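>>> Need coordinates for the following:
(chains A and B)
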Amino acid sequence: MSARPVAERDPRPPTATVVSSLLAAGIAALAALVAAPIGGAVVGLAGAGFVAGAVRRSPRTLSRAAGTGAVGIALAGALGGATEPLLVSGVALVLAWDLADHGMSLGEQVGRAGRTRRNAAVHAGATLFAGALSAGIVYGVYLAAAGNRPVAALALLLFGAVALASALT
Amino acid sequence: MSERVDSESDAESPLRQVRREVETGRWDGVVGVALALIGVGVVARQPPLVLVGAVGVGYALHARLGEAPEATLDVTRTVSDASPDPGDEVTVTVRAHNAGDAVLPDLRLVDGVPPGLEAVDGPARVATALAPGATATFEYAVRASRGEHRWEPLRAVARDAAGSRERTTDIESASPTRIVCTPELAAGGDLPLRGLTTTYHGRVPTAVGGSGVEFHATREYRRGDPATRIDWNRRARTGELSTLELREERAATVVLLVDARESAYVAPEPDAETAVEASVGAAGQAFTALLGGGDRVGIATLGPLDCWLPPGAGSVHAARGRETLATDPALAPTPSDERFYRSLWFRRFRRRLPVDAQVLFFTPLVDDAAASLARRIDAHGHLVTVLSPDATATATTGNRLVRFERRARLRELRSAGIRAVEWGGERGGQESGERGGQESGEREGRGGAESFAVAVARATGRWSR
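Residues are numbered from 1 along each chain as shown, chains lettered A, B, ... in the order given. As a prediction, the model looks like this:
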């Protein structure tokens, strides 16, 4: 005895986004593993968290997994990981989170059965581009200028950049 | 999350209306994580961590810089068949052309499928990215059902590249899309009417003696009675002249009253036919049967929207009745949002109802209002026959309670002298009997659903004098 509902739609995230998120998380874990094994393990945990969040459709789980991944990278960095793998790990981690979260919103608004591939690809490309660009700039500046500067000077420089960015927005 | 309604920005196009603009907040906290990484890097004296933090700042900039693009789309929608038969699959093709100058990196389109239709093949949604001048096309199929269905605007959700801002726009297609589905009325069997008739000849037997075919009574011969009607056997036996009276058959005026209040939109299962659908189908059968029998038939609905087809006869009236049952908004496949005022409705209905009209009341009887209304109409001298599609289920205790209440209402109506037929439902069988107890339902076990025609035929047998 109920009013007639609209046909059910499958609200799970599209498979492609979940799979590519898992792939990116794998790369992140691998890169962190190269930097420092313990950090790599924690980042791997974050990858599992992304999959769990996508399956349970819980943004909170995704955020927590992303936080775990950041802790993993911090751990790997604090244990003396090299610059390059850490940068790769960071960019891949953000990509993994972004794909999982984007896939979830696609699942909510369009559904699993809908055509979403192009959308997801363009979105992932934009995020990857932004990450690669900023990593390239930071790494380039680091190599060119800050190679011999103390860390505190570098941080202060960055703090200035952040303040500028906040003022801009 | 900030939210604002903005309808002025796109004033040049009446087809597009911006519904809302929100910050999705999905990048919230990225600056905090970045600063935390930098802090750890400073404390641990590790430059690589500071660099990773700096990349995080880059993401924050990426999230802040974008602006939710305006979805300046031109939408055209085509349907494969604008007047399908019920149950046909109609393919709908939607083309969205990016008429603006901006790239739409993240665009989700949700088509406004009419509430009475159901998308059967593929979702009526797509997510894509559109460059200026590009066109996205998607297709889906709907299963046509009775009624006139108009498409609602397509909803476009556009996000910036980072997905941090989104803008929802409703876009009308260039020309309105609609399909009209008018089912053929099923030919109905004989429907027994009650003894309220007009003065015209028809097929409803009355208790009035006169000319007809069926024996009614004999009476004393009066001068002028036709010789063919004299009871010659009696004359031979007793020597007295007497005249045979035959039962007069007259035409009736019938108003088919369909319950279309929101409470009547009930079904035993989520995707089953609603009681309103079942009522309309049965009313269609009754309409053709009665009209074919020479009665005058009208249509009315009990619901917030006004629908009144005065009783009439003839082929034009038949066509009009078919159209009313198929496409009248008052009988739409989904309930209307208007409020329903019972006493106002009743006053109007009484004023319109011809004095000699009887009422066939199609209602699922899921609330007391319908039952009391049937009694009220009956009390005003318009004989009422209640025809009730059974929309109750037995899955839960609540379902069974509703079923029991409905059964009690039927019994009450019958004891008040109102004829009632029920059909459909999970169990067929004798429970539609005049004094049918609830035990008979159990005895019958699980039969198939009883169709309207079968239920009426069974009831006719019971009601025959």
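>>> which stretches of the stretch 201-350 of chain B have low pLDDT?
Along the stretch 201-350 of chain B, the parts satisfying pLDDT under 70 run over B:201, B:203, B:207-208.
>>> What segments of it are strands?
B:201-220, B:242-250, B:253-259, B:296-302, B:308-312 (DSSP state E, counting those that start in this stretch).
>>> Mind telling me which residue of the stretch 301-450 of chain B is nearest chain A?
Proximity of the stretch 301-450 of chain B to chain A (CB to the nearest CB) peaks at B:Val402, 5.6 Å away. The C-beta positions use only the backbone N, C-alpha and C, and glycine is treated the same way.
>>> following the helix or strand that residue falls within, which helix or strand shows up next?
Using DSSP states H and E, B:Val402 sits in helix B:397-415. Using DSSP H and E, the helix or strand that follows helix B:397-415 in sequence is strand B:419-424.
>>> where does chain A have low pLDDT?
Looking at chain A by pLDDT under 70, you get A:1-8, A:146-152, A:165-169.
>>> Output the residue of it whose distance to chain B is smallest.
A:Ser134 (2.4 Å).
>>> Return the residues in contact with the nearest residue to A:Gly111 once chain neighbours are set aside.
Spatial nearest neighbour of A:Gly111, excluding adjacent residues (CB to CB, 6 or more residues apart in numbering or on different chains): A:Arg9 at 4.2 Å. Residues near A:Arg9 by CB atoms under 8 Å, 6 or more residues apart in numbering or on different chains: A:111, A:113, B:123, B:125.
>>> what two of those residues are the furthest from one another?
Greatest spatial distance among these (CB to CB): A:Ala113 and B:Arg125, at 8.8 Å.
>>> Pick out whichever of these two has more residues nearby.
Legend: neighbour count by other CB atoms under 10 Å in any protein chain shown for A:Ala113 and B:Arg125, higher for B:Arg125 (24 against 13).
>>> Wait, the more buried one touches B:Leu107, no?
No: B:Arg125 sits out of contact with B:Leu107 when judged by CB atoms under 8 Å, with a separation of 11.3 Å.
>>> any idea of the angle the helix holding B:Val402 forms with strand B:419-424?
Orientation of helix B:397-415 against strand B:419-424 (axes from the mean of the first three to the mean of the last three CA atoms, to 10 degrees) gives an angle of 150 degrees.
>>> So for helix B:397-415, what gets flagged as buried?
For helix B:397-415, burial by neighbour count (16 or more other CB atoms under 10 Å in any protein chain shown) applies to B:402-403, B:405-407, B:409-414.
>>> Figure out how far that helix is from the centre of its chain.
Mean C-alpha position of helix B:397-415 versus that of the full chain (CA atoms, centre = their mean, to the nearest Å) differs by 23 Å.
>>> right, and the strands of the stretch 201-350 of chain B - which one's nearest chain A?
If we rank those by CB to the nearest CB, the stretch that ends up nearest is strand B:253-259, at 14.7 Å.
>>> Sheet partners, orientation included, of the closest one?
strand B:296-302 (parallel), strand B:357-362 (parallel) (DSSP bridges).
>>> Confirm B:Glu70 sits in a helix?
No: secondary structure of B:Glu70 (DSSP: H, G, I helix; E, B strand; the rest coil): coil, not part of a helix.
>>> For chain A, see how far away it is.
Distance, B:Glu70 to chain A, by CB to the nearest CB, to the nearest Å: 18 Å.
>>> can you check B:Gly116 too?
9 Å.
>>> helices or strands up against the helix or strand containing A:Tyr139?
In the assignment (DSSP H and E), A:Tyr139 maps to helix A:117-144. When contacts are defined as 3 or more CB pairs under 8 Å, 6 or more residues apart in numbering or on different chains; DSSP states H and E, helix A:117-144 sits against helix A:15-35, helix A:83-109, helix B:47-65, strand B:104-112, strand B:125-130.
>>> Around B:Ala395, count how many other residues there are.
11.
>>> Got the confidence number for B:Ala374?
Per-residue confidence at B:Ala374 stands at 92 (pLDDT).
>>> Show me which of the contacts of A:Arg9 is closest to B:Val280.
B:Val280 has its nearest neighbour among the contacts of A:Arg9 in B:Pro123, at 28.8 Å by CB to CB.
>>> hang on, isn't the closest one packed against B:Val142?
No: using CB under 8 Å, B:Pro123 is not in contact with B:Val142; the gap is 11.5 Å.
>>> Pick out whichever of these two has more residues nearby.
B:Val142 (26 against 20).
>>> For the more buried one, which three-state class applies?
strand.
>>> tell me the contacts of it?
So B:Val142 contacts B:89-90, B:92, B:113, B:117-120 (CB under 8 Å, 6+ apart).
>>> Flag every residue of the stretch 301-450 of chain B that's near chain A.
B:333-335, B:366, B:391-393, B:398-399, B:402 (CB under 8 Å from any CB of the partner chain).
>>> can we see that at 7 Å?
By CB under 7 Å from any CB of the partner chain, the residues of the stretch 301-450 of chain B that approach chain A are B:391-393, B:399, B:402.
>>> Tell me which two in these are the farthest apart.
B:Ala391 and B:Asn399 (10.5 Å).
>>> you'd agree A:Ala74 is in a strand?
No: if the criterion is three-state DSSP, then A:Ala74 is helix and not within a strand.
>>> burial of it, as a residue count?
By other CB under 10 Å, 24 other residues sit near A:Ala74.
>>> and the residue positioned nearest the centre of chain A, what is it in contact with?
In chain A, the centroid-proximal residue (CA atoms, centre = their mean) is A:Val94; its distance is 1.4 Å. Residues near A:Val94 by CB atoms under 7 Å, 6 or more residues apart in numbering or on different chains: A:127, A:131, B:59.
>>> Just give the number of residues close to the second one.
It stands for A:Gly131. Neighbours of A:Gly131 (other CB under 10 Å): 24.
>>> Kindly report the same for the first one.
Neighbours of A:Thr127 under the rule other CB under 10 Å: 24.
>>> Also the last one?
Close neighbours of B:Tyr59, defined as other CB under 10 Å, add up to 23.
>>> From what I see, it and A:Ala130 are in contact.
Yes: at 6.4 Å, B:Tyr59 counts as touching A:Ala130 under the criterion of CB atoms under 7 Å.
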